[in-house]
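Trainee: What would the 3D arrangement of this be:
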Amino acid sequence: MVTIALEDIGAYYGRRLTVSGITTPTFSSGEIVAVIGPNAAGKSTLFKRMAGLLHGPGKVHVEGSEKGKRAISYMPQDTSANAVLTVYESILLARKQGSGWKVNDEDLALIDGVMSAIDITDIAFRNLGELSGGQRQLVGIAQTLVREPDILLMDEPTSALDLHRQMEVLDFMQQVARERSIIVFIAIHDLNQAMRFADKALVIERGGLRGVGATGEVINRQLLRDVYRIDARIEPCSRGQLQIIVDSVAKSGGHTELSDTRAA
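Mentor: Numbers count the residues shown, from 1 in each chain. Now for the predicted structure:
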């Protein structure tokens with residue numbers, strides 16, 4: 001079993017400490033962790049620090065992995081890449097990065113399986129520069145998965161996808177986490193999807209930790225009021241799932257009333 005825990009993590013941009021004091025309980029294989037918080041709260045910065053792309057105080061404790069630095073794979077929001085590569089070439093390049101360039105049948109089978117699973121086989125030989133934003137996100141997910149890490153950091157991987165594809169991808173990532181016994185961190189703005197798919201939630205606000213724990217306990221009315229500035233109810237829907245119903249949204253100079261609107 002692979003585990004990860006953060007101990008007093010901080011991150012610098014230049015000389016400025018933009019994230020600090022992030023300490024978490026231990027997350028374990030098979031778990032989906034939703035990383036949530038307002039825009040510019042520090043979610044992307046935290047991911048870059050966990051992936052070793054930024055420096056800062058604290059310690060990322062990874063136990064049970066034999067992959068060393070390759071244990072963690074990071075998918076950024078910006079999935080742009082060399083536009084002259086085809087989709088297949090870019091995924092193959094991601095697969096072989098840091099492990100030599102000899103391609104074997106196992107590599108090809110893994111790539112074909114991942115592309116089929118997220119339904120991008122039909123664009124395999126299109127150039128990256130020809131793709132839509134949503135298609136590039138799907139390619140980025142494939143590039144991340146073929147590295148076979150023990151821990152995935154996915155920064156808003158569904159932001160450019162339509163609702164149907166969002167649900168497909170998140171359902172697939174939940175399946176991947178369970179079947180491959182990996183830990184998946186997903187930065188996401190849709191709190192209803194976070195409650196549907198994530199086992200745990202980690203809340204970042206103004207570069208600090210606001211809350212962490214079981215998703216249904218962390219996302220509550222008080223959090224929505226304090227962090228997101230909305231008054232909302234959390235009610236059960238089908239199959240025991242919970243959903244957020246927004247009653248009002250705080251705005252400058254007062255509140256705007258909304259009726260039975262899901263939070264985004």
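
Trainee: pLDDT below threshold where in the chain?
Mentor: Residues of the chain meeting the criterion pLDDT under 70: 79-83, 98-99, 252-264.

Trainee: Outline the domain layout of it.
Mentor: Domain assignment for the chain by automatic domain parsing gives 3-219, 220-264.

Trainee: Let me have these in TSV, extended by mean neighbour count.
Mentor: Every residue, glycine included, has its C-beta placed from N, CA and C. Converted to TSV, these look like this (neighbours: other Cβ atoms under 10 Å):
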stretch	mean neighbour count
domain 3-219	18
domain 220-264	13
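
Trainee: ends of stretch 127-135, how far apart?
Mentor: 11 Å (Cα to Cα, to the nearest Å).

Trainee: What spatial separation is found between residue 50 and residue 132?
Mentor: 29 Å (Cβ to Cβ, to the nearest Å).

Trainee: scratch that, residue 176
Mentor: Relative to residue 132, and taking Cβ to Cβ, residue 176 is found at 23 Å.

Trainee: quick one, helices of the stretch 151-264 of the chain?
Mentor: Applying DSSP state H, counting those that start in this stretch to the stretch 151-264 of the chain gives helices spanning 163-180, 191-197, 215-218, 221-227.

Trainee: Format those helices as TSV; extra columns: distance to residue 24.
Mentor: TSV is the format used below for the helices of the stretch 151-264 of the chain (distance: least, Cβ to Cβ, whole Å):
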stretch	distance to residue 24
helix 163-180	17
helix 191-197	16
helix 215-218	12
helix 221-227	17
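
Trainee: I'd like to know which of the ones you listed lies nearest to residue 122.
Mentor: Counting by Cβ to Cβ, residue 122 lies closest to helix 163-180 out of the helices of the stretch 151-264 of the chain; the figure is 14.0 Å.

Trainee: so which of the helices of the stretch 151-264 of the chain comes closest to residue 37?
Mentor: Distance to residue 37, taken as Cβ to Cβ, is lowest for helix 221-227 among the helices of the stretch 151-264 of the chain, at 6.8 Å.

Trainee: where's that closest one relative to the chain centroid, distance-wise?
Mentor: Mean-position distance between helix 221-227 and its chain equals 22 Å (Cα atoms, centre = their mean, to the nearest Å).

Trainee: Now do that helix: everything it contacts.
Mentor: Helix 221-227 is touched from outside by 37-38, 191, 203, 205, 210-211, 230-234, 244, 263, with contacts defined as Cβ atoms under 8 Å, 6 or more residues apart in numbering.

Trainee: got a markdown table for those residues, with distance to residue 146 too?
Mentor: A markdown table is the format used below for these (distance: Cβ to Cβ, whole Å):
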| residue | distance to residue 146 |
| --- | --- |
| 37 | 29 |
| 38 | 33 |
| 191 | 30 |
| 203 | 31 |
| 205 | 34 |
| 210 | 34 |
| 211 | 33 |
| 230 | 39 |
| 231 | 44 |
| 232 | 39 |
| 233 | 42 |
| 234 | 37 |
| 244 | 35 |
| 263 | 34 |
